[in-house]
Each structure stands twice: as C-alpha cells, then as structure tokens.
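1. next comes the sequence, and after it the predicted model I'd like to discuss.
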Amino acid sequence: MKVKGFSAAAVQAGIRYRDRLDLGLIYSDRPAVAAGVFTTNKVKAAPVLLDIKRLRQGKAQAILVNSGNANACTGEQGMELARSVSGMAARQLDIDEELVQVASTGVIGEQLDAAPFAQQMPALVDSLSEDGFDDLARAIMTTDTVPKVVRKTVDIGGTEVSILGVAKGSGMIMPNMATMLCFVVTDAQIVFPVLREIVAVGVEHTFNRITVDGDTSTNDMVLVLANGAAGNEWLDEDSPEETETFTRVMHAVFQELASMIVVDGEGATKAVTIRVTGAREKEGALDAARTITNSPLVKTAFFGEDPNWGRIMAALGRSDCFFHPDRVSIAFDEVVMAEQGMGAGPEAEQEAARVMRKDAFTLTVHLNDGTESAEVQTCDFSKEYITINADYRS
C-alpha cells in the first residue's frame, strides 16, 4: 500500500555501526499539515527542542531521522548540529528548512558528527521511493528486534484515504512517551486543529498506555503528516461523521504500533495486559495499573511464570488509587487467584501458572468499589533485559 505524495528512503551512514541502515528520510511532495506529541522528560534532546519550535506553524514536508546517537545532552553544539543537518536535507530537497523535522535515537551524551549526513544526503534523497518505508523502519531500530510498520486504508465520503505508520521502541519505554519514535503519514485532507486533537487523544490512549521498564527517554516523539493528496472532502469541524471514521482508523494504527513495541520489549518473553476495573475514579484506575506494570517484582514473576498475587497486591497498595483491600479480586485470564483480598487456593494457583506459560495473557484486578477502569500493556523482565542494557554502549 502506498500513500499518495509520500516517499521514504534509508542508507548506511556509519553513524555508530557499520553495514546497517541508520539514516532515514520521509518526504512529502507538498507541504503537509503536521502535528506531534513529544517526550515529557525535562531533559529533551536537541531534535525534540527544534521540532517543537518548528511545529508551531502546523506544517512540515520532511522528517530526517538517524539511529545510533540520540543527540541528547549535547548543549548548543547539538542544537547547531540538528539545525545543520536539517539544512542539508532542505537544500537537497529544495524546500524550506523550517519544514524539515529531525529525529534521533541511540546513545545519550555523545556529540553527533555531521560528516556522515553530508556524505550520504545526496544518496538518501536520490533513493526516495513510495516503497521505502520498510527500509526506513529498519533504519530507526536500536535494540528493536523487528521493524514496526502498519498500513491501513479508510473510505472517507467515497474517497480512499491511506494511513501508514512506522515506529521504533523496545526499551526505555514508559507512559508519557518513551524511547520511542513514531512517524505516521496520510494523504487525507484535514485541517490542523482537528489533526492536532486526533493525535493528542490517540497518543494518550495508546502510546501512553504501554510500559516496558518504567523509563522515559529524552527523544520520544510522534509526528503525523497529512498532505491532502487523496483529495477527500475536508475533515474539519463540519464533517463529524467522516472525522470520526478517520479518527478510529488513525487510532487503530497507533494501537497496533504501541502493541508491537510491547511485544518487542527488550528481552521480553511475554506480553501482558493489566486491566484494573471497579475503581472510583479513572485516574486512580490508571495509576494502579501503571504501578503494577512497573513493579520489577511483578514483571520478574511474569517471566518466572509464578502467579505470586501477593506482589500484585503490594504494588496496588503503593499506588495512589483508593480501594478497600478486602474487596479486591485478581485473575489471570479467567482464572481467579484471589477474592475479597484473599487467595483462592492451590488449585487456582496451578491453573494460573498454566495461563502464565502463554506468550500473552491478561491480568485483571477488580477493586469492586466503582465503575471506572483502565488498561495498560507491558511485558516481563527477563535475564536478557539485563544483558541488553548492561552491554548497550559496547
């Protein structure tokens, strides 16, 4: 599936490693409406700071991205580098430099060399192709084990609109954006305020509902470009039904990419959905779910296939969610492990252990105190997670 007016490419620039794609480019043949969401970390990488400033105009035409070096904690030299390489891309593409967004991922705290960008920019632009997004997805991988690409189409008033998303993320993943880059392109014709709202709401309920290890990085971003090449009727405040249809599919792209990140969590062997129900308040349910998902003891129990529900109760108890401990029930898929705050016995534990041997399962914590609920996706902590992160810079 192609998205009208968009192309992408990737090359081997040798930014950190030899013989692997590490420099990518997304290009629209016309300026596109653009919206983004960025890391909430107080320490923001140079590309993030530059993009936030440029995105205020609500337009972009290209995204230049590298892996291997995050260009974070690099001071004014890093900012100048981000501006410099965006200028290289703009000149090669013959577009306004302010329409170039930049992104980086990799090691924090090392200065990024401009030479590989200068050397490879002509080849990168010459390689642009409608079919280049798979290469781009591979170029942005760091500890990822698989590229992440999602493609969908949607009918808007009789016009086919295409949406394509690529993402990277495997570790340093925590709600409020994580070590995650996501780029989505669509040929939909849509006004900026509507696109901005779709992106903000979508991120909150997809990418901000996953966690691998509880860490929030310095470079995270979701960028969405809509160039209008499909020629559909404008998606705006006067087209609520069509906008709702488009929103549903756009958010489905976000959700699929978010789920792929969890499944590909560093060293992960299991994907787990944590569902907290029966809470008095939505915020409390979400905080409880996040506290459970980020508990190292809970996550190592997942890896060990040990239905140690006491660890879940302990994590729940340190959350900011109000609940009555003697009303709580806990279930692994359909197997109830605890009711009214007490264990259901050895047979239930054996059945729960069987559930935990699966590659994916759901942990449901029912507080029996209200009608609100929340859901967060996570993975287990394995020995491989420690190995990957202990050796990351070497």
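-> Alright, I've got the coordinates.

2. buried residues, stretch 310-330. List them.
-> Across stretch 310-330, burial judged by 16 or more other Cβ atoms under 10 Å covers 311-313, 315-316, 319, 321, 323, 328-330. (C-beta placed from N, C-alpha, C; glycine too.)

3. kindly apply the preceding question to stretch 37-54 instead.
-> 37-39, 41, 44-48, 50-51, 54.

4. ends of that stretch, what's the gap?
-> Distance across stretch 37-54, first residue to last, is 13 Å (Cα to Cα, to the nearest Å).

5. repeat for stretch 306-321
-> 25 Å.

6. and if you look at stretch 168-187?
-> This stretch, stretch 168-187, spans 22 Å end to end (Cα to Cα).

7. now the buried residues of stretch 310-330 in TSV, with distance to Gly106 and secondary structure?
-> TSV is the format used below for the buried residues of stretch 310-330 (distance: Cβ to Cβ, whole Å; DSSP: H, G, I helix; E, B strand; the rest coil):
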residue	distance to Gly106	secondary structure
Arg311	34	helix
Ile312	35	helix
Met313	39	helix
Ala315	32	helix
Leu316	36	helix
Ser319	33	coil
Cys321	36	coil
Phe323	41	coil
Val328	42	coil
Ser329	44	strand
Ile330	39	strand
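
8. which of those lies closest to Ala10?
-> Closest to Ala10 out of the buried residues of stretch 310-330 is Ala315 (40.8 Å), distances taken as Cβ to Cβ.

9. show me what contacts that closest one?
-> Applying Cβ atoms under 8 Å, 6 or more residues apart in numbering, we find Ala315 in contact with 291-292, 295, 297-298.

10. among the residues you listed, which one has the most neighbours?
-> Among the contacts of Ala315, Ile292 has the most neighbours (other Cβ atoms under 10 Å), with 26 neighbours.

11. give me the element that residue is part of.
-> In this assignment (DSSP states H and E), Ile292 forms part of helix 282-293.

12. pull the most distant pair out of the buried residues of stretch 37-54.
-> Spanning the widest gap among the buried residues of stretch 37-54 are Asn41 and Arg54, at 19.4 Å by Cβ to Cβ.

13. any chance of the buried residues of stretch 37-54 in TSV, plus pLDDT and secondary structure?
-> Below are those laid out as TSV (pLDDT from 0 to 100; DSSP: H, G, I helix; E, B strand; the rest coil):
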residue	pLDDT	secondary structure
Val37	94	strand
Phe38	93	strand
Thr39	88	coil
Asn41	84	coil
Lys44	93	coil
Ala45	94	coil
Ala46	97	helix
Pro47	96	helix
Val48	96	helix
Leu50	98	helix
Asp51	98	helix
Arg54	98	helix
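
14. in whichever strand or helix holds Gln119, what counts as buried?
-> Using DSSP H and E, the element containing Gln119 is helix 115-126. With burial defined by 16+ other Cβ under 10 Å, the residues of helix 115-126 counted as buried are 116-117, 120-121, 124-125.

15. now the host helix or strand of Thr105: mean pLDDT?
-> Assessed by DSSP H and E, Thr105 sits inside strand 100-107. The average pLDDT within strand 100-107 is 94.

16. next: stretch 167-177.
-> The pLDDT scores in stretch 167-177 average 62.

17. please renumber the chain so that the first residue is 51 from this point on.
-> All right, first residue 51 from here; so that's stretch 217-227.

18. can you give me the strands in this structure?
-> For the chain, applying DSSP state E gives strands covering 56-61, 73-88, 109-119, 150-157, 198-206, 209-218, 231-236, 271-276, 321-329, 379-382, 385-389, 392-393, 410-416, 422-429.

19. ok, Lys92 to Ala122 distance?
-> 12 Å (Cβ to Cβ, to the nearest Å).

20. nope, Thr261 is what I meant
-> According to Cβ to Cβ, Thr261 stands 21 Å off from Ala122.

21. then Val199?
-> Counting by Cβ to Cβ - Val199 and Ala122 are separated by 25 Å.

22. and Phe372, by the same measure?
-> Counting by Cβ to Cβ, the gap from Phe372 to Ala122 is 38 Å.

23. how about Tyr77?
-> Counting by Cβ to Cβ, the separation of Tyr77 from Ala122 is 25 Å.

24. what's the neighbour count on Gly393?
-> Counted with other Cβ under 10 Å, residues neighbouring Gly393 total 15.

25. hang on, the earlier thing: export the helix holding Gln169 to PDB, keeping only CA atoms.
-> Only the C-alpha atoms of helix 165-176 are listed here, as PDB (Å, rounded to 0.1, in the frame of the first residue of the first chain):
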ATOM      1  CA  ALA A 165      30.100  14.300   8.300                       C
ATOM      2  CA  PRO A 166      28.000  11.100   7.600                       C
ATOM      3  CA  PHE A 167      24.900  13.300   7.000                       C
ATOM      4  CA  ALA A 168      26.800  15.400   4.500                       C
ATOM      5  CA  GLN A 169      28.300  12.400   2.700                       C
ATOM      6  CA  GLN A 170      25.100  10.400   2.400                       C
ATOM      7  CA  MET A 171      22.500  13.100   1.900                       C
ATOM      8  CA  PRO A 172      22.600  13.100  -1.900                       C
ATOM      9  CA  ALA A 173      22.200   9.300  -2.000                       C
ATOM     10  CA  LEU A 174      19.500   9.400   0.600                       C
ATOM     11  CA  VAL A 175      17.400  11.900  -1.400                       C
ATOM     12  CA  ASP A 176      18.100  10.000  -4.600                       C
END
